[in-house]
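Peer 1: model the structure of this input:
(one chain, ligands or ions: 2)
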Amino acid sequence: MLRLTRQQVRQIDQTAIEHYGMSGLVLMENAGRGAAEAIHRIAPSGDLVVLCGKGNNAGDGYVIARHLDLMNRTVKVVSVVPLGSLTGDAAANANIAVRAGLDIEVVEDPAELEATLGSAAILVDCLLGTGATGDPQGVYADAVRTANAADAIRIAIDIPTGLDVDTGVPGEPTFQADATLTFVAEKTGFATKEAREFLGIVEVISIGIPKKMLPV
Ligand SMILES: NC(=O)C1=CN([C@@H]2O[C@H](COP(=O)(O)OP(=O)(O)OC[C@H]3O[C@@H](n4cnc5c(N)ncnc54)[C@H](O)[C@@H]3O)[C@@H](O)[C@H]2O)[C@@H](O)CC1
Ligand SMILES: [K+]
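Peer 2: Ligands and ions are numbered 1, 2, ... in the order given. Down below sits the predicted model:
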């Protein structure tokens, strides 16, 4: 099975954008749309909360929310950072979601997280992706702990927040996923027994990267 390191998968995204002329927004749209379709299949009913941070993993989250809304699902985005702190493609998709009138709540106070996530049947983790280093910090850690304590189906996008992509070593805390929807290919760390306890079922979502760019 093809498994990629953090550096490989980030290099593939960069090459697609800089040398193949693919737009980062198109890759993010493919990622988010593919993930939304998989979420709808895995968990076909129930209210959804998409937990978002500030990187491109969060950008995927805003695309996911838009597509779930188009599928007539009840979906809310909970951002643990002010929307003004987002940049690039993530900011672009957050702005689209705002203009589209999607339900978005900014919750930076850890005490408020529990009440906000309480009623969701499905929690989608778009807090941190391949750009993360070390244990989740601050409100990111609070959001993971609150999500893990909730009586909900948990779905991680690209990687469960907290899990080291390369080693598979879970950080403190790590999002405890029932399913992980990962982009392009599985990641090297997913092979370990320790990681599998946090991944749940793993599904690979294509983001349109040409076959030629993938190592064989
Ligand atoms: N064009 C691309 O590069 C694509 C990226 N995609 C998504 O983008 C993700 C990678 O995006 P980014 O590189 O922006 O990274 P992340 O979305 O993982 O965010 C990284 C940011 O989070 C913060 N951070 C890092 N470690 C942290 C910690 N331990 N605790 C709290 N905050 C921390 C830092 O501000 C850092 O800039 C992938 O996992 C994937 O989901 C997809 O949209 C496909 C296309
Ligand atoms: K994630």
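
Peer 1: residue 64 is in contact with residue 39, isn't it?
Peer 2: Yes. The pair residue 64 and residue 39 qualifies as a contact (CB atoms under 8 Å) at a distance of 6.9 Å. The way it works is simple: take the backbone N, C-alpha and C, and place the C-beta from them, glycine included.

Peer 1: between the two, which one's more packed in?
Peer 2: residue 64 (31 against 25; other CB atoms under 10 Å).

Peer 1: return the helix or strand in the chain with minimum mean pLDDT.
Peer 2: helix 110-117 (a mean of 90; mean pLDDT, DSSP states H and E).

Peer 1: now for it, which elements pack on it?
Peer 2: Where contact means 3 or more CB pairs under 8 Å, 6 or more residues apart in numbering; DSSP states H and E, helix 110-117 is packed against strand 48-52, strand 75-79, helix 138-149.

Peer 1: only the buried residues of that helix, if you could.
Peer 2: 113, 116-117 (16 or more other CB atoms under 10 Å).

Peer 1: contacts for that helix?
Peer 2: 49, 51, 78, 80, 105, 107, 123, 139, 142-143, 146-147, 149-150, 152 (CB atoms under 8 Å, 6 or more residues apart in numbering).

Peer 1: that one near ligand 1 at all?
Peer 2: No. Applying CB under 6 Å from any ligand atom, one finds that helix 110-117 is not in contact with ligand 1, the shortest distance being 13.7 Å.

Peer 1: how about the strands in this protein?
Peer 2: Secondary structure of the chain by DSSP state E: the strands cover 3-4, 48-52, 75-79, 103-106, 122-126, 153-157, 179-183, 186-187, 201-205.

Peer 1: pLDDT of the last one, averaged?
Peer 2: Looking back up the chat, that one is strand 201-205. For strand 201-205, mean pLDDT is 98.

Peer 1: what's the answer for stretch 165-185, then?
Peer 2: 98.

Peer 1: quick one: residues contacting residue 38.
Peer 2: 179, 181, 203, 205.

Peer 1: circling back: find the residues that touch each one of residue 64 and residue 39.
Peer 2: Common neighbours of residue 64 and residue 39, using CB under 8 Å, 6+ apart, are residue 124.

Peer 1: what stretches of this protein score poorly on pLDDT?
Peer 2: For the chain, no stretch is flagged by pLDDT under 70.

Peer 1: which parts of it sit against ligand 1?
Peer 2: Residues of the chain lying near ligand 1 (CB under 6 Å from any ligand atom): 13, 24, 27-28, 31, 53-60, 128-137, 140, 157-158, 183, 207.

Peer 1: can you list the residues of this structure near ligand 2?
Peer 2: Contact residues, the chain versus ligand 2 (CB under 5 Å from the ion): 57, 125, 157, 161.

Peer 1: returning to that earlier point: quick one: closest of the helices and strands packed on helix 110-117 to residue 211.
Peer 2: strand 48-52 (30.1 Å; CB to CB).
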